[in-house]
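In: Provided below for reference: sequence and predicted model.
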Amino acid sequence: MNTELIKWPKSRILELFDIENPIVQAGMVWVSGGKLAAAAANAGCLGLVGAGSMNPDLLKTQINKAHALTQKPIGVNIPLLYDKTEEQIKVALNAGIKIFFTSAGSPKKWTPFLKKEGCTVVHVVSTPEFAQKSQDAGVDAVVVEGFEAGGHNGRDEITTLVLLQQLQNKLAIPFIIAGGIATGSSILGALAMGAEGVQIGTAFAATIESSAHENFKQAMCNAQYNSTFLRMKKIVPVRLLENDFAQKVAQAENNCVSNEELLKLLGKGRAKEGMLNGNLQEGELEIGQIVSEIKEILSCTKLVHKLKMEYLEARNRIL
């Protein structure tokens, strides 16, 4: 089956980002560096550098690395809750970035500025209400993420399937769905239900080009259907791969410890220790619920080819 001849359904996302496939590689902390963003772009998707775990200098280095590895468009994902946000945005603009994904804050503050700079702005949300508010703030598109997703999630715990139904025909701007998307058949389902693109995190985190530690990648391949849990709901809900640290968090939550004690247990650098340094016992391993479907470490090119093959097979089954 020749995936090069695939014809995706009409999607504004393809034109908005100038990409071949309606797939966005999520800008994840400690995982999405310039190498991954470039590889995703070269595979016909939108690649994102994840700025959340980067100081401005490192962000500049990773953007330059991506630009050295691809001539295709890439973007950055910048959380809006940190004091370094303004500097990160300026660094990205100076490095030639024109596609900004923002998250973890209100899009009202930076969207007008970025639009004046000629940029495309996408905001990440977890509810239909925030999707509408983002549209009102002037963004070009939204990523709406179900709580199956890895890392930090919305407090409402709305699933991807429910979000798809809640969003159908509700927005004037295109929406990209995320959370639990890791197969071509799930892409087909998402597009059939009104999404104009998908954002994929976990499957890209497990690729050769990901900066995740090899220990973490192998842990993804060994994960079972019930290997992830939503923890730290009192502070900021986060989906983690089960390990010694996650079990300590669960025990603390069962004992109804205070938020201060939870924060003390979390400490600093847990995500870096687990995801980048490969400490599978005491590190914070942020990953999506779909991780049990990751069976091997593929290149981005092979992953995207696999997704397209699965999409075509699923589409042919229902025609």
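Out: All right, it came through fine. Numbering: from 1, shown residues only.
In: what's the following helix or strand after the helix-or-strand element of the chain with minimal mean pLDDT?
Out: Sorting the helices and strands of the chain by mean pLDDT, DSSP states H and E puts helix 259-266 at the bottom, at a mean of 84. Using DSSP states H and E, the helix or strand that follows helix 259-266 towards the C-terminus is helix 270-271.
In: got the CA positions of the least confident helix or strand of the chain in CSV?
Out: The C-alpha trace of helix 259-266 is given here as CSV (Å, rounded to 0.1, in the frame of the first residue of the first chain):
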residue,chain,number,x,y,z
ASN,A,259,-0.2,20.4,49.5
GLU,A,260,3.0,21.7,51.1
GLU,A,261,4.1,18.1,51.9
LEU,A,262,3.2,17.0,48.4
LEU,A,263,5.4,19.8,47.0
LYS,A,264,8.2,18.8,49.3
LEU,A,265,7.9,15.2,48.0
LEU,A,266,7.9,16.4,44.4
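In: now find how far off-centre stretch 304-317 is within its chain.
Out: Centroid separation for stretch 304-317 versus its chain: 21 Å, with C-alpha atoms, centre = their mean, to the nearest Å.
In: typed the wrong thing, it's stretch 213-229
Out: For stretch 213-229, the distance to the chain centre is 17 Å (C-alpha atoms, centre = their mean).
In: okay, buried residues for that stretch please.
Out: 213, 215, 216, 217, 219, 220, 223, 227, 228 (16 or more other C-beta atoms under 10 Å). Where C-beta positions appear, they are placed from N, C-alpha and C, glycine not excepted.
In: that one: end-to-end distance?
Out: Using C-alpha to C-alpha, to the nearest Å, the end-to-end distance of stretch 213-229 comes out at 21 Å.
In: which residues does the longest helix belonging to the chain contact?
Out: Counting by DSSP state H, the longest helix found in the chain is helix 300-318. Contact with helix 300-318 is made by 1, 3, 6, 21, 23, 25, 36, 39-40, 42-45, 183-185, 187-188, 203-204, 207-209, 298, as judged by C-beta atoms under 8 Å, 6 or more residues apart in numbering.
In: cool, stretch 250-269 as well?
Out: 229, 231, 232, 233, 234, 235, 248, 249, 284.
In: tell me the bridge partners for the second one.
Out: Read that as residue 231. residue 238 (DSSP bridges).
In: count the neighbours of it for me.
Out: As a burial measure, residue 231 scores 24 neighbours (other C-beta atoms under 10 Å).
In: quick one: the least confident helix or strand of the chain to chain centroid distance?
Out: Here helix 259-266 is found 26 Å from its chain centre; the criterion is C-alpha atoms, centre = their mean.
In: buried residues in it?
Out: So, applying 16+ other C-beta under 10 Å, buried residues of helix 259-266: 262, 265, 266.
In: list just the nearest of the residues you listed to residue 88.
Out: Set against residue 88, the nearest of the buried residues of helix 259-266 by C-beta to C-beta is residue 266 (23.0 Å).
In: now do stretch 263-281: distance from first to last residue.
Out: End-to-end for stretch 263-281, by C-alpha to C-alpha: 18 Å.
In: what does stretch 197-209 give?
Out: Stretch 197-209: ends 22 Å apart by C-alpha to C-alpha.
In: number the chain from 266, please
Out: Taking 266 as the first residue, the last one we looked at is stretch 462-474.
In: could you pull out the strands for the chain?
Out: 288-290, 312-315, 339-344, 364-368, 385-390, 406-410, 416-417, 440-443, 462-465, 493-496, 503-506 (DSSP state E).
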